[in-house]
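Trainee: take this sequence and fold it.
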Amino acid sequence: MGLPCFKILDCWFHYFAVEEHLRKELSKEEWEQTFVRPGKPKMVALAEGIAAARKGPVAEGENRFSYRDIGTHMRDIKKIAMNPEDVHVLFHKYFMEQDIEGLGSLFDENAMFIPGKNLDPVFGRENIKQALQQYFDSPAAIENLSKSIHQNGDIALVKSAWRIQTDDGSIEGVALEVMKRLPDGTWVYIIDNPYGI
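Mentor: Numbers count the residues shown, from 1 in each chain. Model (predicted):
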């Protein structure tokens, strides 16, 4: 059957636990051949590809250039949210990976985060990252239970139910969120009120 495309993790992570599934299905060698294989920097691979193309047709059996080389480092680039739904998908991904920089990238530079009842709001991306760090103190898994998105132009109002499961039990809430589309087309939180208070 052959090996899967090296982009499969990026394409399918938000539909099911693709990495977990593939780690069970592939041998260690197959995993490394598909996902860990060291690649050339994108610019080097691109330059080599252009040079190879200028040389003319590839002779049978000759392997001058591989699209795999160009894409090897693509999975290291942070994903971007191109709609409000993507913000939730990426929040889940970054939370599960305990990627605080990734989570921070989902907030506007001047966003507001409301950490809980009777707690002062937190303002600004860097302060929000510090507030979110507490969720990584013990192993936790997040689950999005439902959501409702109402978009008006470059602004979206989102209501979403969620649950975080830890070794000590679970916490859940219904978040009220305001997102906005930035000039580059990406979406970010401007207000995140995870407990809806």
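
Trainee: what about the strands in the protein?
Mentor: Per DSSP state E, the chain carries strands over the ranges 107-113, 122-123, 140-152, 155-166, 169-181, 187-193.

Trainee: save those strands as JSON lines, and put in mean pLDDT and mean neighbour count too.
Mentor: C-beta: built from backbone N, CA, C; applies to glycine. Putting the strands of the chain into JSON lines (pLDDT from 0 to 100; neighbours: other Cβ atoms under 10 Å) gives the following:
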{"stretch": "strand 107-113", "mean pLDDT": "97", "mean neighbour count": "18"}
{"stretch": "strand 122-123", "mean pLDDT": "98", "mean neighbour count": "16"}
{"stretch": "strand 140-152", "mean pLDDT": "86", "mean neighbour count": "13"}
{"stretch": "strand 155-166", "mean pLDDT": "91", "mean neighbour count": "16"}
{"stretch": "strand 169-181", "mean pLDDT": "92", "mean neighbour count": "17"}
{"stretch": "strand 187-193", "mean pLDDT": "96", "mean neighbour count": "22"}
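
Trainee: quick one: which of those strands is nearest Glu97?
Mentor: For these, proximity to Glu97 was assessed by Cβ to Cβ; strand 140-152 is nearest, at 11.1 Å.

Trainee: what angle sits between the closest one and strand 155-166?
Mentor: On the basis of axes from the mean of the first three to the mean of the last three Cα atoms, to 10 degrees, strand 140-152 is oriented at 170 degrees to strand 155-166.
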